[in-house]
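>>> What follows is a predicted protein model with its sequence.
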Amino acid sequence: MQSNAALEYDYSLAKKFTFLTILFGILGMIVGTLIAAQLAFPELNYLLGEYGTFSRLRPVHTNTVIFGFTVSGIFATWYYLGQRVLKVSMAESKFLMVLGNIQFWLYFIGALAATVSLLLGFTTAKEYAQYEWPFDIVVVLIWVLWGVNMMGLIGIRREKALYISVWYYLACFLGIAMLYLFNNMEIPTYFTSGGLGNPLHSVSMYAGTNDALVQWWYGHNAVAFGFTVPIVGMIYYFLPKESGQAIYSYKLSLLSFWGLMFVYLWAGSHHLLWSTVPDWMQTMGSAFSVVLILPSWGSAINMLLTMKGEWNQLTDNPLIKFMVLASTFYMLSTIEGPIQAIRSVNAIAHFTDWIPGHVHDGVLGWVVFMIMAGIFHMAPRMFKREIYSKKLMEAQFWLQTTAVVLYFTSMWIAGITQGMMWRAVDEYGNLMYSFIDTVTVLHPYYAIRALSGVMYLTGFLMFAYNIYKTMTSGRELTQEPQFRTPMA
Amino acid sequence: MDSTDIANLQGYASFFMTVFLVIMLYGYIIYLYRSEKKGERDYEKYGRIALDDEIDSTPVEDKPASQRYKDEEK
């Protein structure tokens, strides 16, 4: 070891991205709650003219929580734990610091501009890939800057072995890069038509079924490499570090990693069951989705077993609670997904509210819980202050857990009811219900979902307040805590 | 070759690639356990990386100083 007595980890980038995570989290969840309420009470569509309609706001919600909240959380945690597991400070390389700051500002301005473009109605109309071509170029630039930064930090590391979390972040980088590039291949119409139409508009390079296949290969794997892989990377660091227990089985973590890499990319076609894509491809999508349970549960069980003999921490430390619940929701949603991907189940589930129900038990229970837990763990180390309130954290935990349960149970019931009503026929083969019949029946469940949105958003605001108070008035720490996060 | 032939060909290619990747994955599992049994590697020690992660902690596997120096020179 060289003389690094005065050397410290540099958390400036982690802090900046933490602020963005909270900002985009609040924005994305406000819009999400509003559109959930619009589905229950349609009058709410007319609050802000064309800018307040469900169709405008839905992509704003999805893109803000994916590319705003989650991606900021990925960057924030990487710039924190990347240094720590590689045992190298960002401060050791001016080049990497400058690059990181360019990435931050480009990302901040780019994300806001892209959100405004969606509000103004510029969209490619491809789910989770709605940004028009100039914004895609900015996204690619930001991603390349992050990749160079990550590789640079790995290049100057002291720890030779790459910890399992680093593998996951690397996979996130490579996976998203590949998916985003291929699915966003588009032709700007203005430049190819000799100046007709809007310069921002483009059309996909693929057509028909091919377009759908590429889109859902992207859509499903955006979940894989955005909502699963980096979040698993986070829990593999934060849970052992917070609990002071090494991963239960490092070998299992390696196996689960390669299993996940191997299986996930093939499962996307389950979004196109009963469609015009070849049968073998639909079967492959279903089969790989079921196999996907193994690597997913491999990671989740590994995390739960990490707590072996230390379950008392679950009652003492709310942060452990957040992470154990996140892991449990990961298990729930990774068993629910494969069930929905079985052809016969899919015949009922497809296009119904069960699908957003599934998505949200994954994202609210797993992704958001894990990112918040990561920030709670990082905050005292970054700001050198104790967490402002343990009680507030506990209250937030129970409020948000109840909200997630309300969300997915209401959507399970709504989705299955909807699916059954769409298929119901009388003895002559005529459809028994019209669309409006289903809307009437589903109204109470939509209202419950909107309520759960309000509860979850309130919990997130409590989280933001707790972090803000930690930064400004938490008790100062003289020494960095080794494992357990100190809280008042 | 018409589109049905191409679709069939794609199906077979996917099947054989799956078989190949399954063999690779199981090969990797066997490799992990065998190398640990023979005493060549200890994978579980890497779990300590998350716990001993201070900047002055001793790395679980030190990157050779000469290599790090070379990197710093760049």
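Sure, I can see it.
>>> Please count neighbours and contacts with C-alpha atoms only from this point.
Will do.
>>> which intervals of chain B have sub-threshold pLDDT?
Scanning chain B for pLDDT under 70 picks out the ranges B:64-74.
>>> If we use 90, what do you get?
Low-confidence segments of chain B, defined by pLDDT under 90: B:1-11, B:14-15, B:17-18, B:21-22, B:25, B:40-41, B:61-74.
>>> got the residues of it near chain A?
Residues of chain B found near chain A (C-alpha under 8 Å from any C-alpha of the partner chain) are B:7, B:11, B:21, B:25, B:29, B:32, B:43-44, B:46-51, B:53-63, B:65, B:68, B:71-72.
>>> Nearest to the spatial middle of the chain, which residue is it?
Going with chain A. Central residue check for chain A by C-alpha atoms, centre = their mean: the C-alpha nearest the mean position is that of A:Phe227, 3.8 Å away.
>>> wrong chain, I was asking about chain B
Nearest to the mean C-alpha position of chain B, counting by C-alpha atoms, centre = their mean, stands B:Tyr28 at 8.2 Å.
>>> Okay, buried residues for the helix or strand hosting that residue please.
In this structure, B:Tyr28 sits in helix B:3-37 according to DSSP states H and E. In terms of neighbour count (16 or more other C-alpha atoms under 10 Å in any protein chain shown), helix B:3-37 has its buried residues at B:7, B:11, B:14, B:18, B:25, B:29, B:32.
>>> From the chain's centroid, how far away is it?
16 Å (C-alpha atoms, centre = their mean, to the nearest Å).
>>> packing partners for that helix?
If you count contacts as 3 or more C-alpha pairs under 8 Å, 6 or more residues apart in numbering or on different chains; DSSP states H and E, helix B:3-37 packs onto helix A:250-264.
>>> after the helix it packs on, next one along is what?
Next along the chain after helix A:250-264, taking DSSP H and E as the criterion, comes helix A:279-291.
>>> circling back: need the buried residues of helix B:3-37 in TSV (columns: distance to A:Leu120).
What follows is the buried residues of helix B:3-37, written out as TSV (distance: C-alpha to C-alpha, whole Å):
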residue	distance to A:Leu120
B:Ala7	41
B:Gly11	43
B:Ser14	42
B:Thr18	45
B:Leu25	48
B:Ile29	52
B:Leu32	54
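>>> For whichever residue of chain B sits closest to chain A, grab the count of nearby residues.
Closest contact between chain B and chain A, by C-alpha to the nearest C-alpha, is at B:Lys63 (4.5 Å). By other C-alpha atoms under 10 Å in any protein chain shown, 16 other residues sit near B:Lys63.
>>> same deal with A:Leu120?
Residues lying near A:Leu120 (other C-alpha under 10 Å) number 12.
>>> Quick check: it touching A:Thr53?
No. Counting by C-alpha atoms under 8 Å, A:Leu120 does not reach A:Thr53; the two are 11.4 Å apart.
>>> residues in contact with the residue in chain B sticking out farthest from the centre?
Farthest-out residue of chain B from its mean C-alpha position, per C-alpha atoms, centre = their mean: B:Asp2, at 39.9 Å. By C-alpha atoms under 8 Å, 6 or more residues apart in numbering or on different chains, no residues touch B:Asp2.
>>> now the longest helix belonging to chain A: how far from the chain's centre is it?
Longest helix of chain A, by residue count under DSSP state H: helix A:435-473. In terms of C-alpha atoms, centre = their mean, the centre of helix A:435-473 is found 17 Å from the chain centre.
>>> can you pull the contacts of the residue of chain B closest to chain A?
A:157-160.
>>> please redo it, this time with the cut-off set to 6 Å
Neighbouring residues of B:Lys63 by C-alpha atoms under 6 Å, 6 or more residues apart in numbering or on different chains: A:158-160.
>>> Then A:Tyr190?
Each residue near A:Tyr190 by C-alpha under 6 Å, 6+ apart is listed here: A:196-197, A:199.
>>> which element is it on?
For A:Tyr190, the host element (DSSP H and E) is helix A:189-192.
>>> Equivalent analysis for A:Tyr168, please.
Secondary structure assignment for A:Tyr168, by DSSP H and E: helix A:164-183.
>>> For that helix, which outside residues touch it?
With C-alpha under 6 Å, 6+ apart as the test, helix A:164-183 has contacts from A:214-215, A:218, A:225, A:229-230, A:233, A:236.
>>> And stretch A:265-284, by the same measure?
Counting by C-alpha under 6 Å, 6+ apart, A:216-217, A:220, A:285-286, A:288-289, A:341 sit against stretch A:265-284.
>>> PyMOL command to pick out the buried ones of those residues?
In PyMOL, a selection of the buried entries from those looks like this (16+ other C-alpha under 10 Å):
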select buried, chain A and resi 216+217+220+285+286+288+289+341
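>>> Identify, from the contacts of stretch A:265-284, the entry nearest to chain B.
A:Phe288 (10.0 Å).
>>> Please name the nearest non-neighbouring residue to the closest one.
Spatial nearest neighbour of A:Phe288, chain neighbours left out: A:Ala267 (5.3 Å); criterion: C-alpha to C-alpha, 6 or more residues apart in numbering or on different chains.
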